[in-house]
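Participant: this one's sequence-less:
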Ligand SMILES: CC(C)(COP(=O)(O)OP(=O)(O)OC[C@H]1O[C@@H](n2cnc3c(N)ncnc32)[C@H](O)[C@@H]1OP(=O)(O)O)[C@@H](O)C(=O)NCCC(=O)NCCS
């Protein structure tokens, strides 16, 4: 097991994040909504802008960013007890090594510190590795979202998963 650290991503992480995101989007199309073309079109300035929202978290080994996830809190008063997690990605050499677990534990702690009641996410019904990972971390399948995403014109289904805090 390597030593991983979890932290909020800031604009200065933009270059590391842009490169890792592009790799993830190209290698794991089922793990992202954004297409490779859309990810490629985001230059460093756009990535700085995205990260300035404070809605991304990362996992590092030393100075190397090896994974990241979105943590998007709802803002309207009737739904501000909820946040959506995603995308959620760890680079292949660090999968199965504890990096993903460290990042998920970090997000859960952030959500608890923010006083939220539940975390939510969508995952492709055939992304078996991600499903096993989320279930191990306490998420349960609540519904199937049919025709949720179209990947190169092919319709795909997602599970909607929730973890109570
Ligand atoms: C999803 C992801 C973050 C999980 O992190 P990870 O480090 O690989 O997770 P772990 O190895 O700790 O756990 C994965 C589980 O799937 C199992 N697994 C491994 N390979 C598998 C496979 N090919 N099919 C099904 N299960 C698999 C592991 O044994 C483990 O099971 P367990 O929880 O019962 O021990 C990571 O694989 C990833 O970044 N995938 C690509 C992007 C992606 O699909 N993200 C999810 C988008 S919703």
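Facilitator: Yep, it's here. These figures come from a predicted structure and were not determined experimentally.

Participant: quick one, helices of this protein?
Facilitator: Applying DSSP state H to the chain gives helices spanning 14-27, 36-40, 44-51, 99-113, 128-136.

Participant: Redo those helices as TSV? Include mean neighbour count.
Facilitator: Where C-beta positions appear, they are placed from N, C-alpha and C, glycine not excepted. As requested, the helices of the chain are exported to TSV (neighbours: other Cβ atoms under 10 Å):
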stretch	mean neighbour count
helix 14-27	18
helix 36-40	12
helix 44-51	16
helix 99-113	18
helix 128-136	15
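
Participant: In JSON lines: the ones you listed, plus mean pLDDT and distance to the ligand.
Facilitator: Listed next are the helices of the chain as JSON lines, based on pLDDT from 0 to 100; distance: least, Cβ to the nearest ligand atom, whole Å:
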{"stretch": "helix 14-27", "mean pLDDT": "98", "distance to the ligand": "6"}
{"stretch": "helix 36-40", "mean pLDDT": "97", "distance to the ligand": "14"}
{"stretch": "helix 44-51", "mean pLDDT": "98", "distance to the ligand": "18"}
{"stretch": "helix 99-113", "mean pLDDT": "98", "distance to the ligand": "3"}
{"stretch": "helix 128-136", "mean pLDDT": "98", "distance to the ligand": "4"}
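
Participant: out of these, nearest to residue 75?
Facilitator: helix 99-113 (14.6 Å; Cβ to Cβ).

Participant: Which residues does the residue nearest to the spatial centre of the chain form beta bridges with?
Facilitator: Compute the mean C-alpha point of the chain, and by Cα atoms, centre = their mean the closest residue is residue 88, 2.3 Å away. Here residue 88 sits in beta bridges with residue 69, going by DSSP bridges.

Participant: so it touches residue 103, yeah?
Facilitator: Yes. Using Cβ atoms under 8 Å as the test, residue 88 is close enough to residue 103 to be in contact (7.5 Å).

Participant: Need the residues touching each of those two.
Facilitator: Common contacts of residue 88 and residue 103 (Cβ atoms under 8 Å, 6 or more residues apart in numbering): residue 69.

Participant: Would you mind measuring from residue 162 to residue 139?
Facilitator: Note on residue 162: its distance to residue 139, by Cβ to Cβ, to the nearest Å, is 7 Å.
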